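Asks: sequence first, predicted coordinates after that:
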Amino acid sequence: MTGFFRRILRAAVLDKRAYEEVEADRRATGQAVGVVLLASIAGGIGSPGLGLSNLQALAAGVVGALVGWMAWAALTYLIGTRFLPEPQTRADVGELLRTIGFASAPGLLRVLGAIPVIGLSIYAIASIWMLLAMIVAVRQALDYTSTSRALGVCVLGWALSLVVAAIIGIVFAPSVS
């Protein structure tokens, strides 16, 4: 097993040392991009109603996942280092890009969402697992001692991202005449 796939597996099982490792390894940014791409493709294939039937939607989903990952890392950086830091919090956006990218590792299982009957359950479990990985990634990247603070950063970031998405949707929605 290559180092890349070993890192993916370690991140998926929520190994804190794996997140510390990718946080410190500036060369792991490309690997984090790879994890985000693979997880978004898996999510697109396993997504109820999408699968491989609509390649244009799948491609748009991959691009959206990359943009979302970068925006999420920047937002998490801002919230975690400016609004909710602990005294020992030291981080940069690159560290969050890497750790949050690897937090997408459980999303590889979303490809199993394409399995009839049980697929939707697998997809949902993998998505929740990704959220748990995100909390671990944020805790490690921001050097928090408190998991509840990392959870707070994730919840606040999620809520703000929904507000931003709603505003974008309203601004760019087609007008109904």
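Replies: Noted; the coordinates are in hand.
Asks: A150: which element?
Replies: helix 147-172 (DSSP states H and E).
Asks: just T145 next, same as before
Replies: Assigned by DSSP H and E, T145 falls outside every helix and strand.
Asks: helices of the chain, residue ranges please.
Replies: Assigned by DSSP state H, the helices in the chain fall at 3-12, 16-24, 29-46, 55-78, 93-102, 119-141, 147-172.
Asks: which of these sits closest to V111?
Replies: Nearest of these to V111, taken as C-beta to C-beta: helix 29-46 at 3.8 Å. In short, each C-beta sits where N, CA and C put it, glycine included.
Asks: for that closest one, name the packing helices and strands.
Replies: helix 3-12, helix 55-78, helix 93-102, helix 119-141 (3 or more C-beta pairs under 8 Å, 6 or more residues apart in numbering; DSSP states H and E).
Asks: tell me where the model's unsure across the protein.
Replies: Residues of the chain that meet the criterion pLDDT under 70 lie in 1, 49-53, 173-177.
Asks: so who does the residue nearest the centre of it touch?
Replies: In the chain, the residue lying closest to the centroid (C-alpha atoms, centre = their mean) is S104, at 4.5 Å. S104 is in contact with V35, V36, L38, A39, S40, W69, M130, A133, counting by C-beta atoms under 8 Å, 6 or more residues apart in numbering.
Asks: do I have it right that the second one meets G64?
Replies: In other words, V36. No - the criterion here is C-beta atoms under 8 Å, and V36 misses it with G64 at 10.8 Å.
Asks: so for those two, which sits in the more crowded spot?
Replies: Using other C-beta atoms under 10 Å as the criterion, V36 and G64 rank with V36 on top: 24 against 12.
Asks: how near is that one to A59?
Replies: As judged by C-beta to C-beta, to the nearest Å, V36 and A59 stand 14 Å apart.
Asks: re earlier: and the contacts of S104, which is closest to A18?
Replies: A133 (10.0 Å).
Asks: and that closest one, what is it in contact with?
Replies: Applying C-beta under 8 Å, 6+ apart to A133 gives the contacts A11, A12, L14, F102, A103, S104, A105, P106.
Asks: what distance do you get for the nearest residue in space to the fourth one that is not next to it in sequence to A24?
Replies: What that stands for is F102. In space, and not counting its chain neighbours, F102 is closest to A11: 3.9 Å by C-beta to C-beta, 6 or more residues apart in numbering. A11 sits 14 Å away from A24, going by C-beta to C-beta.
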